[in-house]
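Predicted model follows, preceded by the sequence.
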Amino acid sequence: MERLPFLKVVQLCFLHELEYIYYEEPLLFETFFPSLERLDLWKTKKLRGWWRMNDDVNEDDHNCSQSHNLSLPPFPPRFSSLTILECPMLTRVPTFANLDKRLEFGSSNMETLEATINMISSKCWIEFPPLSKLKYLLLENIDLDMKKLPEHWVQNLTSLEHLDVMKLSDKKI
């Protein structure tokens, strides 16, 4: 699918048995959806990641490392909108630091979001801090543990115009 060079939108919805998009296939930066602007993942409850890696075979669901996200090619520069809703097993997706339009994140595993936010403290970003160009952010029904995130990550949301926060766990905020 990533070899469709003009594909701009991918929506994967209600795919109840889908665990990975690719199995053991190397992903190259040059061929990884060069025109992709938007990705929507909705109610793919068994989806674990973009690419099944060799070490996934023996790994249990709660022992995923954020370093796997960094080993995937990043989304292309045009990528501007991401929706991840009701994907509780999802932990392995490319980082999405350059989003400039929309991020909707709800009822999903926080590792997916934490990997991008934690790029702030690792200084992986080059031109702009992660998510600094983002205009719309929705966080819904997630266990947001502020202790796991860089101290001032919210201050990097300098372009944010619209913020929706709903049903967050209040025990860790």
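Everything's here; your move. Numbering: from 1, shown residues only.

make it CA atoms for all contacts and neighbour counts henceforth
Fine.

Which positions in stretch 5-23 come out as buried?
Of the residues in stretch 5-23, those with enough neighbours to count as buried (16 or more other CA atoms under 10 Å) are Glu19, Tyr20.

Show the average pLDDT along that stretch.
Averaging the model's pLDDT scores along stretch 5-23 yields 90.

Dump the C-alpha coordinates for it into PDB.
Below are the C-alpha coordinates for stretch 5-23, written out as PDB (Å, rounded to 0.1, in the frame of the first residue of the first chain):
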ATOM      1  CA  PRO A   5       2.900   7.400  -4.500                       C
ATOM      2  CA  PHE A   6      -0.100   9.700  -4.900                       C
ATOM      3  CA  LEU A   7      -2.300   8.300  -2.000                       C
ATOM      4  CA  LYS A   8      -3.300  11.300   0.200                       C
ATOM      5  CA  VAL A   9      -5.800   9.700   2.600                       C
ATOM      6  CA  VAL A  10      -5.900   6.300   4.400                       C
ATOM      7  CA  GLN A  11      -8.800   5.300   6.600                       C
ATOM      8  CA  LEU A  12      -8.700   2.000   8.400                       C
ATOM      9  CA  CYS A  13     -12.000   1.600  10.300                       C
ATOM     10  CA  PHE A  14     -13.800  -1.300  12.000                       C
ATOM     11  CA  LEU A  15     -11.100  -3.900  11.000                       C
ATOM     12  CA  HIS A  16     -11.600  -6.000  14.100                       C
ATOM     13  CA  GLU A  17      -8.900  -8.700  13.300                       C
ATOM     14  CA  LEU A  18      -6.200  -6.500  11.900                       C
ATOM     15  CA  GLU A  19      -3.000  -6.600  14.000                       C
ATOM     16  CA  TYR A  20      -0.400  -5.100  11.700                       C
ATOM     17  CA  ILE A  21      -0.300  -3.300   8.400                       C
ATOM     18  CA  TYR A  22       2.900  -5.000   7.300                       C
ATOM     19  CA  TYR A  23       4.600  -8.300   8.300                       C
END
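
Next, the contact list for Ser169, please.
Taking CA atoms under 8 Å, 6 or more residues apart in numbering as the contact definition, Ser169 lies against Asn141, Ile142, Asp143, Leu144.
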